[in-house]
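Undergrad: Sequence and predicted model, in that order:
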2 protein chains.
Amino acid sequence: MVNEAIPDIVVSRLPLYLQCLQRMKTAGVKTTNSQVLGQMLGISAAQIRKDLSQFGEFGKQGTGYSVDFLVEQLQQILQVNKIWKIAVIGAGDLGHAIARYGGFADRGFQIALVFDSDPQKIGKEAAGFKIHDTANMVEMIKTAGIQVAMLTVPARVAQEVADQLVKAGVHAILNYAPITLKLPEGVYVEYIDPILKLQRMTYYLK
Amino acid sequence: MVNEAIPDIVVSRLPLYLQCLQRMKTAGVKTTNSQVLGQMLGISAAQIRKDLSQFGEFGKQGTGYSVDFLVEQLQQILQVNKIWKIAVIGAGDLGHAIARYGGFADRGFQIALVFDSDPQKIGKEAAGFKIHDTANMVEMIKTAGIQVAMLTVPARVAQEVADQLVKAGVHAILNYAPITLKLPEGVYVEYIDPILKLQRMTYYLK
């Protein structure tokens, strides 16, 4: 890596670039450039060039980028050139939807363990995954060496479950519960909140 | 509004400010300032002051912001001081999770209609909402005057359904299907893609 202090806002755009490039790759596109990427993503070509240049020299003036090469490089930078095992905590509708979603593997992730605390659910299956008791969560996640978790539990228990996940060695939590988690340094959290996205659009509606 | 050409990146931060302020309000907090907001959100105080100043003068040097007043102002700016009716298209696990989620109303939204094309689901209920046939979607959405839709259908039909939504008068689509939608000018789309969030975190993992 060229520079250790890459701004987080730059990092946040890399998955978008990778997603776009992987679609191009699937479509058989061999080369592209920052103009084309920019148009597809609604980001300026200059911004894309500047972002990518923070990580190295990936293209040539006039020839653009090799799609395959840039996909590989971005996968490596984002560390998704390997498969991360994921624990899903909360086997409600949302947990089931996630367990059923088939698009994780080619983007660096794989559901490995599903947990719930409801005795009615424990031992049953969610989209082919056995639902385990959250009482065994810390031990099972530790043993499996899982670092990434998706939190789909009710808001009132989300902080408590997150604390346990940290104990289990989880370092990245994708939180669907509508609360802000307090987590120690070195544990990353991202939020999925559909209402933030909806409100961003209603601003523009007449 | 002070300025019509507010950058979209500024608009995208307003729902975060509103969410944070609404939590403060619920907790009984009366006044706050950009430092406190910044710490809660991981955004610099200067950025917050600059963003808010684009819409008017909301606080005083030294006294900060009135939480109630700023909540009201942001709700008005984002147009969520009214309730937007939402149509949910796709009554699978995810559609059910959304229909069941109780947190929409106090943030400006209300599920109004749920649709699916599966004869096994049509006529049944999803979290208390009758599941309607997508065959009647355009007409029903038009009649109800709905402008906002959440798209939780499989990727292969998402574009087709989105085209129909546009015909029905929908101007804002929150798309959960992992494809980029092509939509006419004046129709807004936002995406929920958990993998983009996961990849943003794996960058930082050791």
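TA: Received the coordinates, thanks.
Undergrad: Now do the SS call for A:Tyr65.
TA: Here A:Tyr65 is strand, with the state taken from DSSP: H, G, I helix; E, B strand; the rest coil.
Undergrad: got the contact list for it?
TA: A:Tyr65 makes contacts with A:31-34, A:58-59, as judged by Cβ atoms under 8 Å, 6 or more residues apart in numbering or on different chains. The way it works is simple: take the backbone N, C-alpha and C, and place the C-beta from them, glycine included.
Undergrad: Inside helices: which ones of those?
TA: Counting by DSSP state H, those place A:Ser34 in helices.
Undergrad: which of the contacts of A:Tyr65 count as buried?
TA: Buried by 16 or more other Cβ atoms under 10 Å in any protein chain shown: A:32-34, A:59, out of the contacts of A:Tyr65.
Undergrad: Report the lowest-confidence entry in those residues.
TA: Across the set of those, A:Gly59 stands lowest in pLDDT, at 80.
Undergrad: Spatially nearest residue to that residue (excluding sequence neighbours)?
TA: Leaving aside its sequence neighbours, A:Gly59 sits nearest to A:Tyr65 (Cβ to Cβ, 6 or more residues apart in numbering or on different chains; 4.0 Å).
Undergrad: mind checking how far the spatially closest residue to A:Gly64 that is not a sequence neighbour is from A:Ile43?
TA: Residue nearest to A:Gly64 in three dimensions, not counting chain neighbours: A:Asn33, with 3.3 Å by Cβ to Cβ, 6+ apart. Distance, A:Asn33 to A:Ile43, using Cβ to Cβ, to the nearest Å: 13 Å.
Undergrad: Now do the strands in chain A.
TA: Under the criterion DSSP state E, strands of chain A are mapped to A:31-32, A:59-60, A:64-66, A:84-89, A:109-116, A:125-126, A:129-133, A:148-151, A:172-175, A:188-191.
Undergrad: Lowest average confidence across those, which one?
TA: strand A:59-60 (a mean of 78).
Undergrad: Return the list of strands paired to that one, each annotated with direction.
TA: Partners of strand A:59-60 in the sheet, by DSSP bridges, are strand A:64-66 (antiparallel).
Undergrad: and the helix or strand bottoming out on mean pLDDT in chain A, how far from the chain's centre?
TA: Lowest on mean pLDDT, DSSP states H and E among the helices and strands of chain A sits strand A:59-60, with a mean of 78. Centroid separation for strand A:59-60 versus its chain: 28 Å, with Cα atoms, centre = their mean, to the nearest Å.
Undergrad: how does chain A divide into domains?
TA: A:8-77, A:84-195 (automatic domain parsing).
Undergrad: looking at those, which is buried most?
TA: Most buried of the domains of chain A by mean neighbour count (mean count of other Cβ atoms under 10 Å in any protein chain shown) is domain A:84-195; its value is a mean of 18.
Undergrad: Endpoints of that domain, how far apart?
TA: Distance between the boundary residues of domain A:84-195 (Cα to Cα, to the nearest Å) amounts to 28 Å.
Undergrad: and the spatially most central residue of chain A, what does it touch?
TA: The residue lying closest to the centre of chain A (Cα atoms, centre = their mean) is A:Leu174, at 7.4 Å. Contact analysis of A:Leu174 by Cβ under 8 Å, 6+ apart lists A:148-151, A:189-192, B:194, B:197-198, B:201.
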